[in-house]
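# Dropping the sequence and predicted coords here.
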Amino acid sequence: MNLPYEGKIRVTKLYGTPPPPGFTYAAGKHSGMDLVGVNSKQIHAIASGTVIRSSYDPTGWGNYVVIAQPDGYSCIYAHLNKRNVKVNEKVQAGQAIGMEGNTGNVTGSHLHLEMRKVYADRNTTIDPAEYLQIQKKTGDLVMGKEKEQDQVSDWAKDAWNWAKEKGLLDGTRPKEPITREEMAVILERLVALK
């Protein structure tokens with residue numbers, strides 16, 4: 001999974017938040033996550049897929065691209081200044097698909113990133129932060145640091161792989177602390193192994 005920018009990224013609005021004064025959201029809440037590229041304004045596909053929309057909506061998303069991904073999700077990239085892809089085009093994860101902009105119904109330049117299980121149904125949105133496995137907080141996010149968090153330390157690789165193989169862990173977030181709930185699940189799975 002890729003992030004939509006290279007380099008430093010600022011998260012400016014989270015999924016599920018209410019609209020700013022003077023704005024309304026069709027879903028009643030923010031249906032995506034707003035991001036701003038600090039080092040680069042070029043937008044990259046977070047996953048491979050097929051472009052199913054590349055269009056302009058003057059009262060909503062402005063210039064936008066929708067990519068249907070092999071995992072069944074559709075990813076919407078909205079408010080673009082420029083679109084680099086056309087409908088039915090196959091794209092690869094990390095491919096440049098456009099430029100951040102302020103087209104459509106916006107208060108400033110940013111990328112609105114939205115994930116849907118069913119593109120035609122706005123009620124099937126999911127939190128992009130969960131999908132991308134990044135923290136749910138506003139502020140600066142550095143891609144390099146996120147990648148470092150995904151790497152298992154050399155001293156723990158054998159144990160980590162064993163725990164994944166046995167189904168004790170899902171293999172994500174190796175350097176993150178665990179919750180009591182996660183510990184309970186791990187213990188339950190460990191006891192079930194005997």
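Structure's in. What do you need?

# Please make it C-alpha for all contacts and neighbour counts, starting now.
Will do.

# what's the spacing between the lengthiest helix in the chain and its chain's center?
Taking DSSP state H as the criterion, the chain has its longest helix at helix 180-193. Distance of helix 180-193 from its chain centroid, counting by Cα atoms, centre = their mean, to the nearest Å, is 28 Å.

# what comes up buried for that helix?
Residues of helix 180-193 classed as buried by neighbour count (16 or more other Cα atoms under 10 Å): residue 186.

# cool, and stretch 2-21?
For stretch 2-21, by 16+ other Cα under 10 Å, it's 2-6, 8-16, 18.

# Could you list the low-confidence segments of the protein?
Where the chain drops to pLDDT under 70, the residues are 142-150.

# coming back round to it: which strands or helices does the longest helix of the chain pack on?
For helix 180-193, not one helix or strand is in contact under the criterion 3 or more Cα pairs under 8 Å, 6 or more residues apart in numbering; DSSP states H and E.

# could you dump it to CSV, C-alpha only?
C-alpha atoms of helix 180-193 as CSV (Å, rounded to 0.1, in the frame of the first residue of the first chain):
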residue,chain,number,x,y,z
ARG,A,180,-5.5,-4.9,26.4
GLU,A,181,-8.1,-6.1,23.9
GLU,A,182,-5.3,-7.2,21.4
MET,A,183,-3.5,-8.9,24.3
ALA,A,184,-6.6,-10.8,25.3
VAL,A,185,-7.0,-12.0,21.7
ILE,A,186,-3.4,-13.1,21.5
LEU,A,187,-3.6,-15.0,24.7
GLU,A,188,-6.9,-16.7,23.7
ARG,A,189,-5.2,-17.8,20.4
LEU,A,190,-2.2,-19.0,22.2
VAL,A,191,-4.2,-21.2,24.6
ALA,A,192,-6.1,-22.6,21.6
LEU,A,193,-2.8,-23.7,20.0
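
# quick revisit: among the buried residues of stretch 2-21, which two are most distant?
Within the buried residues of stretch 2-21, 6 and 18 form the most distant pair, 28.3 Å apart (Cα to Cα).

# what helix or strand does residue 9 sit in?
Using DSSP states H and E, residue 9 maps to strand 8-13.

# Starting from that strand, tell me which strands it pairs with and how they run.
Strand 8-13 has the following sheet partners, assigned by DSSP bridges: strand 33-37 (antiparallel), strand 139-142 (antiparallel).
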